[in-house]
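In: Give me a model of this one.
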Amino acid sequence: MVADYVIESVVSRPFEQSTFILWKPGLKQALVVDPGFDPRGVLQILRDEGLEPAAILNTHGHVDHIAGNRPLKEAFPAAPLVIGRGESALLTDAEANMSAACGLPITSPPADLLVDDGDVLEFAGFRLVVREIPGHSPGSVVYLSKETSPPFVLGGDVVFAGSVGRTDLGGDFALLARGVHQKLWPLADETIIYPGHGPATTIGHEKRTNPFVGAPARGLDSRGESQ
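Out: Numbers count the residues shown, from 1 in each chain. Here you go, the predicted model:
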């Protein structure tokens, strides 16, 4: 399937976190998602492609996903910074976003727009539905595009290829799993998940095979039948 959008990623150390830049061919605006520790790489792609961000989206407020917010906002002050309402405090609190514990306190500018579950955003030719799935962080959100070909989820640290976001640092695995089952698994199997770490995957593949929240975790085989 040929995508009707372009997506590039910048993977930054030390957490191998993925920042995504998305745009529609022919348009000069883009989405920047979770600017991490390599804002220069993000800015270089924007310059090379002749793009300006229509919005800077954060899936959650952990330091590896917000470290580049300030440089992006300084370069493009008109681009609204967007995050889930339950994550807003992490942007400006180095303890809450876990950067202080790493010995490098980092804060972000405050959000320009706070979003809630079910909100719809329209930026750069994309129509995104917000789904709140806490558990890895207090109010983590994902951004769902159903109208692109193929459809996709900007998933942050909710679900990875073969794994999920860690919940041992004050998180809640039961809450995360419930959110995944209720808000992600009903999506079309071909929906691509662009996660915050690691390779892209699909809803169908993770629903069948993910050992934490997929069929194996519920004692089912890849067809959804009891083992």
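
In: rest of the way, CA atoms for contacts and neighbours
Out: OK.

In: Just the element for residue 46, please.
Out: Following DSSP states H and E, one finds residue 46 within helix 39-49.

In: Work out the gap between that helix and the centre of the chain.
Out: Distance, stretch centre to chain centre, for helix 39-49: 19 Å (C-alpha atoms, centre = their mean, to the nearest Å).

In: Stretch 52-59 now?
Out: Put simply, stretch 52-59 sits 11 Å off its chain's centre (C-alpha atoms, centre = their mean).

In: Residues in contact with the helix holding residue 46: which ones?
Out: Outside helix 39-49, the residues that touch it by C-alpha atoms under 8 Å, 6 or more residues apart in numbering are 10, 19, 21, 35, 52, 53, 68, 71, 72.

In: Can you give me the buried ones in that helix?
Out: Residues of helix 39-49 classed as buried by neighbour count (16 or more other C-alpha atoms under 10 Å): 39, 41, 42, 43, 46.

In: where's the second one relative to residue 20, distance?
Out: Read it as residue 41. For residue 41, the distance to residue 20 equals 11 Å [C-alpha to C-alpha, to the nearest Å].

In: hang on, the earlier thing: next helix or strand past the helix holding residue 46?
Out: For helix 39-49, the following helix or strand on the C-terminal side (DSSP H and E) is strand 52-57.

In: Now do that following strand: everything it contacts.
Out: Strand 52-57 has contacts (C-alpha under 8 Å, 6+ apart) with 28-35, 46, 69, 76, 79-83, 123-124.

In: Tell me the backbone dihedrals of the nearest residue to residue 88 once chain neighbours are set aside, please.
Out: Distance criterion C-alpha to C-alpha, 6 or more residues apart in numbering; nearest residue to residue 88, sequence neighbours excluded, is residue 111 at 6.7 Å. Dihedral pair for residue 111: phi -70, psi 150, per degrees, to the nearest 10.

In: for the closest residue to residue 161 other than its chain neighbours, what are its contacts?
Out: Nearest residue to residue 161, sequence neighbours excluded (C-alpha to C-alpha, 6+ apart): residue 201, at 5.6 Å. Residue 201 is in contact with 160, 161, 192, 193, 194, counting by C-alpha under 8 Å, 6+ apart.

In: Please pick the buried ones from the contacts of strand 52-57.
Out: 29-35, 46, 69, 79-83, 123-124.

In: quick one: contacts for residue 187?
Out: Residue 187 touches residue 203, counting by C-alpha under 8 Å, 6+ apart.

In: Centroid-nearest residue for this protein?
Out: Per C-alpha atoms, centre = their mean, the C-alpha nearest to the average position across the chain is that of residue 156, at 2.9 Å.

In: mind listing what the closest residue to it other than its chain neighbours touches?
Out: Spatial nearest neighbour of residue 156, chain neighbours left out: residue 196 (4.4 Å); criterion: C-alpha to C-alpha, 6+ apart. Contacts for residue 196 (C-alpha under 8 Å, 6+ apart) come out as 17, 18, 19, 65, 155, 156, 157, 160.

In: any low-confidence regions in this structure?
Out: Scanning the chain with the threshold set as pLDDT under 70 gives 1-2, 219-227.

In: hmm, try it at 90
Out: Filtered on pLDDT under 90, the chain yields the residue ranges 1-3, 101-104, 169-170, 218-227.

In: quick one: the helices in it?
Out: 39-49, 63-66, 69-75, 88-91, 173-183, 203-209 (DSSP state H).
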